[in-house]
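> requesting a structural model of the entry that follows:
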Amino acid sequence: QVQLVESGGGLVQAGGSLRLSCAASGRTFSRSTMGWFRQAPGKEREFVARISVSGSSTWYVDSVKGRFTISRDNAKNTVYLQMNSLVPEDTAVYFCAASTGWAASLARDYNYWGQGTQVTVSS
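Model (predicted):
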């Protein structure tokens, strides 16, 4: 069992930055692929980024490449999403997710989810 708690969301102006954190409980974090997803009002949940168990490999949706960075600290059971150069289109609820098996960019690949944190980017 893995419990995930996101933090760090908020209101920021376009061009600004936020750093999201996701703290995990349970003993499987260090063996889990971790991902970030987001969901805007009226839209489907969208893959944003994922990071391998070791942290050596990362993947991003094209719209955030070069602006967002995912990282993890297995000693702290925490995964991060550094978001720079934010634009209004980044406004959404951001979810942290964990997969104890193979995972790519589909929500169904992940078996544990946090409650989400709101990110709002004003123009």
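> what backbone torsions are found at Asn111?
Phi and psi for Asn111, reported as degrees, to the nearest 10, are phi -110, psi 0.
> right, and it touches Gly101 too?
Yes. The pair Asn111 and Gly101 passes the contact test of CB atoms under 8 Å, sitting 7.5 Å apart. Glycine gets a C-beta too; all of them are placed from N, C-alpha and C.
> compare those two (neighbour count), which wins?
Neighbour totals were compared for Asn111 and Gly101, and Asn111 leads with 13 against 10 (other CB atoms under 10 Å).
> which ones are touching the more buried one?
Remark: with contacts taken as CB atoms under 8 Å, 6 or more residues apart in numbering, Asn111 is in contact with Ala98, Ser99, Thr100, Gly101.
> and those, which is the shakiest by pLDDT?
Scanning the contacts of Asn111 for pLDDT, the low point is Gly101. It has 86.
> where does that one land in three-state SS?
Of the three states, Gly101 takes coil under DSSP: H, G, I helix; E, B strand; the rest coil.
> show me what contacts it?
Taking CB under 8 Å, 6+ apart as the contact definition, Gly101 lies against Asp109, Asn111.
> burial of Gly114, as a residue count?
By other CB under 10 Å, the residues close to Gly114 number 21.
> distance of the closest residue to it other than its chain neighbours from Arg19?
Of all residues beyond its chain neighbours, the one nearest Gly114 is Leu4 (3.6 Å), with distances taken as CB to CB, 6 or more residues apart in numbering. Remark: distance between Leu4 and Arg19 (CB to CB, to the nearest Å) = 16 Å.
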